[in-house]
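**Q** When you get a sec, could you give me coordinates for this:
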Amino acid sequence: MYKIVCPNCGAEYYPQEIFVLSELNNSHIVKDEEGKILCDLKLDTNEMYVCDFCNTPFHVNMSMDFTVSQHQISPHVTKLKKTPLFLDEE
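**A** The predicted structure follows:
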C-alpha cells in the first residue's frame with residue numbers, strides 16, 4: 001500500500017486520510033456504443049495537508065498508473081465423484 005510521509009517528522013498517512021477517494025466512484029460516466037468514454041473525469045490530484053503530529057503544512061500530488069494485461073484462462077477440471085456424507089467409525 002502506498003504511504004504518504006510528512007517531510008518534517010516522518011509521520012505516515014494512507015491516501016484516504018488526505019484525499020477524498022469517493023470522487024473515483026463517479027457513476028455518471030457516459031460511453032459511446034463502442035465503449036469509449038465521452039467525458040473526462042476531472043480529479044483534483046493536489047492537496048495541502050497539515051501534519052497531525054508536528055503541524056507542518058505540506059503538499060501532496062497524487063498520480064495514478066494502471067497496468068493492464070489479458071487474463072489467461074486456465075483449463076477447468078470438474079470432479080464427478082461425490083465425497084461421502086458420513087465418516088467411518090472404528
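
**Q** And the strands in the protein, which stretches?
**A** 4-5, 12-13, 46-50, 57-61 (DSSP state E).

**Q** Can you tell me which of those is most buried?
**A** Greatest average neighbour count among the strands of the chain goes to strand 4-5 (a mean of 16), per mean count of other C-beta atoms under 10 Å. Every residue, glycine included, has its C-beta placed from N, CA and C.

**Q** neighbouring contacts of it?
**A** Residues from elsewhere that reach strand 4-5, judged by C-beta atoms under 8 Å, 6 or more residues apart in numbering: 11, 12, 13, 14, 15, 17, 18, 60.

**Q** a markdown table please, covering the residues you listed and showing distance to residue 70 and pLDDT.
**A** A markdown table is the format used below for the contacts of strand 4-5 (distance: C-beta to C-beta, whole Å; pLDDT from 0 to 100):
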| residue | distance to residue 70 | pLDDT |
| --- | --- | --- |
| 11 | 41 | 98 |
| 12 | 36 | 97 |
| 13 | 35 | 97 |
| 14 | 31 | 94 |
| 15 | 28 | 90 |
| 17 | 35 | 93 |
| 18 | 34 | 92 |
| 60 | 34 | 96 |
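
**Q** Which two among these are spaced furthest apart?
**A** Spanning the widest gap among those are 11 and 15, at 14.3 Å by C-beta to C-beta.

**Q** Out of the contacts of strand 4-5, which comes closest to residue 30?
**A** Taking the contacts of strand 4-5 together and measuring to residue 30 by C-beta to C-beta, the closest member is residue 15, at 26.9 Å.

**Q** Please report the number of neighbouring residues for the closest one.
**A** Using other C-beta atoms under 10 Å, residue 15 has 14 other residues around it.
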